[in-house]
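Participant: I'd like to go over a predicted model; first the sequence, then the structure.
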Amino acid sequence: MSKPFASTCYKAWLLVIAACVALLEPAWAQINPAQTALLRWYGDINGSSFAVGSNPVAVAFDGSSIWVTSHNGFKVTKLRASDGTSLTINLGANLELLAYDGLNMWVAEGGNNSVAKIRASDGALLGTFPVGNFACGVAFDGSYIWVSNSGANTVSKLRTDTGAIVGTYAVGASPCALAHDGTNIWVVNQAGNSVTELRGSDGMNLGTIAVGYAPAGIAYDGSNMWIANYTSGTVTKLRASDGYLMGTYSAGTTPSGIAFDGVNMWITNSYSNTVTKLRASDGSLLGSFATPSGPNAIAFDGADVWITSYYNATVNKM
């Protein structure tokens, strides 16, 4: 009699445990594997949309919050990645791209020919520093901030503590997006259909490489530079060590933003309202996913991608 009784009790306990798990499931079932690996135990808000300023054009992650610049909204929005709680910082005209230096967020103010330095912890404006005509792109190399000046065809290199310019370097036509490969700075020349590589130590021009038409976004995958070619509808992969062309891959209509998630490349397609996912190792198409209207900028937060909607004035988590 003891064995059947024990078996019955065991089964009863399993039913109790199953019932408890069923009650708890809504809380944990939404956490994706990447969140678990990163010990991010907050509930997933994938598919959520958050209001930002009008015509958002850039997005960046600081380790805990998402930052979005609004081209015609004259402001930067900071959103806590866990729940979307927001803070707004008012800035100058025609805001463009932005970059994080480990402590502060730097924002290109195109209409003011300047770059703003914002303390990431509380959104305090720490300074505004003049650069060249129509500041567009921003990148951090571990020591200095680099700003592309679209109207001057130059790139400025600034000290992070004082904002003082330590060098200005000529590049191609209408430079905007920038990326750092650990040693050098890569500059997208929108009107030049090319990218220019500058030596990080002294700004020496290491070469200009042709890519697709109207290149818009650039991202580094640890070995290669990926460039989204807006008019060509393609993505170019260049080996960072020598600029060798590794491949050209189709994306959607008018690709603009590009981000690396550690394994794959994600490309926003502004006019087709999609985001394309390519395997970084070989450029294989892994999928195309619908987004809100006018997706342009994209960033990865370690678990999810965030995409701005130019026409909806939102940033959306996928």
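Facilitator: Ah, there it is. Numbers count the residues shown, from 1 in each chain.

Participant: I'd say Val76 and Glu109 touch.
Facilitator: No. Judged on Cβ atoms under 8 Å, Val76 makes no contact with Glu109 at a distance of 10.2 Å. Any C-beta I mention is one placed from the backbone N, CA and C, and that applies to glycine too.

Participant: which neighbours do the two share?
Facilitator: Common contacts of Val76 and Glu109 (Cβ atoms under 8 Å, 6 or more residues apart in numbering): Leu91, Leu95.

Participant: now the helices for the stretch 51-200 of the chain?
Facilitator: Using DSSP state H, counting those that start in this stretch, no helices are assigned anywhere in the stretch 51-200 of the chain.

Participant: for the chain, which spans come out with low pLDDT?
Facilitator: 1-46 (pLDDT under 70).

Participant: could you redo the last one with a cut-off of 90?
Facilitator: In the predicted model, the chain carries pLDDT under 90 at residues 1-48, 73, 82, 92-93.

Participant: Counting neighbours, what do you get for Ser223?
Facilitator: 13 (other Cβ atoms under 10 Å).

Participant: which residues touch it?
Facilitator: So Ser223 contacts Arg239, Ala240, Ser241 (Cβ under 8 Å, 6+ apart).

Participant: can you give me phi and psi for the last one?
Facilitator: Geometry field for Ser241 lists phi and psi as phi -70, psi -30, criterion degrees, to the nearest 10.

Participant: For it, give me its contacts.
Facilitator: Neighbours of Ser241 in contact, by Cβ under 8 Å, 6+ apart: Ser223.

Participant: Val76 and Glu109: which is more packed in?
Facilitator: Taking other Cβ under 10 Å, Val76 and Glu109 do not tie; Val76 has more neighbours (27 against 24).

Participant: Chain neighbours aside, what residue packs nearest to that one?
Facilitator: Ile89 (4.7 Å; Cβ to Cβ, 6 or more residues apart in numbering).

Participant: distance of that neighbour from Ala58?
Facilitator: Ile89 is 14 Å from Ala58, where distance means Cβ to Cβ, to the nearest Å.

Participant: Kindly report the same for Gly73.
Facilitator: From Gly73 to Ala58 the distance is 12 Å (Cβ to Cβ).

Participant: got it, and Thr314?
Facilitator: For Thr314, the distance to Ala58 - Cβ to Cβ - is 14 Å.

Participant: Please say which of the two ends up with more neighbours.
Facilitator: The residue with more neighbours, out of Thr314 and Ala58, is Ala58; 27 against 19, by other Cβ under 10 Å.

Participant: Please verify my assumption that Ala228 contacts Ala214.
Facilitator: No. Using Cβ under 8 Å, Ala228 and Ala214 do not qualify as a contacting pair, with a distance of 9.6 Å.

Participant: Which residues are in contact with the nearest residue to Asn149 once chain neighbours are set aside?
Facilitator: Leaving aside its sequence neighbours, Asn149 sits nearest to Gly132 (Cβ to Cβ, 6+ apart; 2.8 Å). Listed by Cβ under 8 Å, 6+ apart, the contact set of Gly132 reads Asn113, Val147, Asn149, Gly151, Ala152, Thr154, Ser156, Thr168.

Participant: Which members of those residues occur in strands, if any?
Facilitator: Cross-referencing these against strands under DSSP state E gives Val147, Asn149, Thr154, Ser156, Thr168.

Participant: so what's the second one bridging to?
Facilitator: Going back to what we said before, that points to Asn149. With DSSP bridges as the criterion, Asn149 is bridged to Ala135, Thr154.

Participant: For it, give me its contacts.
Facilitator: Asn113, Val131, Gly132, Asn133, Phe134, Ala135, Cys136, Val155, Ser156, Pro175.

Participant: let's see 10 Å
Facilitator: 108, 110, 113, 131-137, 155-156, 168, 171, 174-176 (Cβ atoms under 10 Å, 6 or more residues apart in numbering).

Participant: coming back round to it: anything in contact with each of Ile89 and Ala58?
Facilitator: In contact with both Ile89 and Ala58: Trp67, Thr69, Val76, Val107, using Cβ under 10 Å, 6+ apart.

Participant: on that earlier part again, show the buried residues in the contacts of Gly132.
Facilitator: Neighbour-count burial (16 or more other Cβ atoms under 10 Å) applied to these gives Asn113, Val147, Asn149, Ala152, Thr154, Ser156.

Participant: ok so, going back, could the shared contacts of Ile89 and Ala58 go into TSV alongside distance to Gly247?
Facilitator: As requested, the shared contacts of Ile89 and Ala58 are exported to TSV (distance: Cβ to Cβ, whole Å):
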residue	distance to Gly247
Trp67	31
Thr69	31
Val76	35
Val107	33
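
Participant: now, which of those sits nearest Gly252?
Facilitator: Gly252 has its nearest neighbour among the shared contacts of Ile89 and Ala58 in Thr69, at 23.0 Å by Cβ to Cβ.

Participant: And the closest one, how close does it get to Asn55?
Facilitator: On the measure of Cβ to Cβ, Thr69 and Asn55 end up 10 Å apart.
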